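Engineer: predicted model follows, preceded by the sequence.
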Amino acid sequence: MSKANFTVSITLIIAAFVLGLIGHSALVAVSAIVVGAVVMWYFFRRNPLR
């Protein structure tokens, strides 16, 4: 996984988490973290860091 993809993934997860907090929706925040973690794990498996 390239560093750019990793940075974008982190940014999207943080943005979704903040939006979830603003909306007082813990479920949305947790779901965003879980989805982000799964996506990052998938990319890491396909193209591991060298």
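Structural biologist: Structure's in. What do you need? Numbers count the residues shown, from 1 in each chain.
Engineer: next up, the contacts around Asn5.
Structural biologist: Phe43 (C-beta atoms under 8 Å, 6 or more residues apart in numbering). Glycine gets a C-beta too; all of them are placed from N, C-alpha and C.
Engineer: measure it to Leu21 for me?
Structural biologist: From Asn5 over to Leu21 the distance is 25 Å, taken as C-beta to C-beta, to the nearest Å.
Engineer: how about Phe44?
Structural biologist: For Phe44, the distance to Leu21 - C-beta to C-beta - is 26 Å.
Engineer: just Val39 next, same as before
Structural biologist: 20 Å.
Engineer: ok, which stretches of the chain are helices?
Structural biologist: Using DSSP state H, the helices found in the chain span residues 3-22, 26-46.
Engineer: let's have those helices in a markdown table, adding mean pLDDT.
Structural biologist: Shown next, in a markdown table, are those (pLDDT from 0 to 100):
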| stretch | mean pLDDT |
| --- | --- |
| helix 3-22 | 79 |
| helix 26-46 | 79 |
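Engineer: what residue is smack in the middle of this protein?
Structural biologist: Gly36 (2.9 Å; C-alpha atoms, centre = their mean).
Engineer: can you name the residues that contact that one?
Structural biologist: Residues in contact with Gly36 (C-beta under 8 Å, 6+ apart) are 9, 12-13, 16.
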